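**Student:** what follows is a predicted protein model with its sequence.
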Amino acid sequence: MIQLHDVDLKLLRVFATIVRCGGFSAAQAALNAGQSTISEQMTHLETRLGVKLCQRGRSGFRLTEQGVAIHEATQRLLSAVENFCMDADVLKQHISGKLNLGIIDTTITDPASPLPRTTQRFVSRGHDVHLNVYVGTPAELEERVLDGRLHLAIGHFPIHVPGLLQSPLYQEALGLYCGRRHPLYGSKAEGEELLEEIAASRIVVRGYMQQYDLEHLGVSKAAATVDNIEALAILLISGAYLGFLPVHFATQWVKTGEMHQLAPSSLQLMSPFDVITRRGTAPPPILQAFLEDLDACSRKTASH
């Protein structure tokens, strides 16, 4: 029994092309090879198979009886190979299992976030996947990605942690807010006057972005620290504190008069959102597929 190898498949494809084109000369353009090379390949194939496949010469190109049979078998074989490649490609795209995703809180109202679009795109592929979503602080997310409990996490990660791959994703707009019971509510102050009033106020900061928040306000000490945005919003609404909130999240209270944004033209910041994964390991197919969708949706969201 003949054992087929990669070179045999290549030679059989050459043979099929010659038959389709009607001869050696006519097949030169399709095969991008000279007539002598094609003749050499056919001789090699005939030697491998042990039969004469065609007559060529002054009388033209003609298949032998064995050549007709081999050509029919070749067509069946190449068709089967093509079907196999298509099936293998489908299997490669079909991903199953669990994807463990971590995010920080209160991103649902952010139109810049690619996560809702990514999730829709990912599950619409028909993957047999179970999505586990964990909401935590940046430190918790980093820890869980490092120890493998999470495949990836999305959020603010101001300090690059060894062992993690960190890639920029998008920017979140932040504004300085106070509640309606705060002395600065409704203030139109700007510049040095505003900075003096801020310095005399109680400041609440996000623990994971403390230095970032304080430096932009020109103060050295916070009066309160929180590890999530909802807690920060509660303290602002109380009227006792000033602090930075995501603009998309604060809008609902600005509309009802519960909050006021101070100096939106000079004290609005852009805070980076990154995606982190564990360094040093090849991403499993399910993670790779999600990262590809995340990248595509991030670019699409940014273009709108």
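**Tutor:** Yep, it's here.
**Student:** M209 versus T277, what's the distance?
**Tutor:** Relative to M209, T277 is positioned 21 Å away (CB to CB, to the nearest Å). Glycine gets a C-beta too; all of them are placed from N, C-alpha and C.
**Student:** let me fix that, I meant to ask about F61.
**Tutor:** 76 Å.
**Student:** ok, L53 next?
**Tutor:** L53 is 74 Å from M209, by CB to CB.
**Student:** out of these two, which sits in the busier spot?
**Tutor:** Between L53 and M209, counting by other CB atoms under 10 Å, L53 is the more crowded of the two (22 against 17).
**Student:** what strand or helix carries the closest residue to the more buried one other than its chain neighbours?
**Tutor:** Closest residue to L53 apart from its sequence neighbours, by CB to CB, 6 or more residues apart in numbering: G67 at 3.8 Å. Element membership of G67, judged by DSSP states H and E, is helix 65-93.
**Student:** ok, the biggest strand by length in the chain: who's next to it in the sheet?
**Tutor:** When the chain is scanned for its longest strand (criterion: DSSP state E), the result is strand 164-179. Using DSSP bridges, the strands paired with strand 164-179 are strand 242-246 (antiparallel), strand 259-262 (antiparallel), strand 269-278 (antiparallel).
**Student:** check those strands for me and report the most buried one.
**Tutor:** Compared across these, strand 242-246 shows the largest average neighbour count, a mean of 24 (mean count of other CB atoms under 10 Å).
**Student:** can you name the residues bridging to Q171?
**Tutor:** Assessed by DSSP bridges, Q171 has beta-bridge partners P272.
**Student:** how many neighbours does it have?
**Tutor:** Q171: 13 surrounding residues under other CB under 10 Å.
**Student:** verify the stated contact: it with Q268.
**Tutor:** No: counting by CB atoms under 8 Å, Q171 does not reach Q268; the two are 11.4 Å apart.
**Student:** pull the contacting residues for R144.
**Tutor:** Applying CB atoms under 8 Å, 6 or more residues apart in numbering to R144 gives the contacts 100, 102, 134, 136, 150, 153.
**Student:** and the furthest pair within those?
**Tutor:** N100 and G136 (11.9 Å; CB to CB).
**Student:** related to what we said a few turns ago, now do the longest strand of the chain: distance to the chain's middle.
**Tutor:** With CA atoms, centre = their mean, to the nearest Å as the basis, strand 164-179 stands 19 Å off its chain's centre.
**Student:** give me the domain ranges for the chain.
**Tutor:** 6-93, 96-170+272-303, 172-270 (automatic domain parsing).
**Student:** make CSV out of the ones you listed and add mean pLDDT.
**Tutor:** Formatted as CSV, the domains of the chain follow (pLDDT from 0 to 100):
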stretch, mean pLDDT
domain 6-93, 81
domain 96-170+272-303, 90
domain 172-270, 92
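**Student:** residues near V205, how many?
**Tutor:** Count around V205 with other CB under 10 Å applied: 23.
**Student:** so who does it touch?
**Tutor:** Per CB under 8 Å, 6+ apart, neighbours of V205: 213-214, 222, 224-226, 243-244.
**Student:** most widely separated two among those?
**Tutor:** Longest distance between any two of these is 13.9 Å, between L214 and V226; criterion CB to CB.
**Student:** so between those two, which is more surrounded?
**Tutor:** V226 (20 against 15).
**Student:** which SSE is P183 in?
**Tutor:** Going by DSSP H and E, P183 is not part of any helix or strand.
**Student:** and T107, by the same measure?
**Tutor:** T107 belongs to no helix or strand, assigned by DSSP H and E.
**Student:** excluding chain neighbours, what is closest to it?
**Tutor:** Nearest one to T107, counting by CB to CB, 6+ apart, is S113 at 5.1 Å.
**Student:** now that neighbour. Its backbone dihedrals?
**Tutor:** The phi/psi pair for S113 (degrees, to the nearest 10) reads phi -70, psi 130.
**Student:** thought I229 was touching T106, still the case?
**Tutor:** Yes: counting by CB under 8 Å, T106 touches I229, with 4.2 Å between them.
**Student:** so what sits against both of the two?
**Tutor:** 246, 249.
**Student:** pretty sure P264 contacts L174?
**Tutor:** No: with contacts counted by CB under 8 Å, P264 stays clear of L174, the gap being 10.7 Å.
**Student:** which one of the contacts of V205 sits closest to G179?
**Tutor:** G243 (10.2 Å).
**Student:** residue contacts, the closest one?
**Tutor:** Contacts of G243 (CB under 8 Å, 6+ apart): 176-177, 203-205, 213, 232, 235-236.
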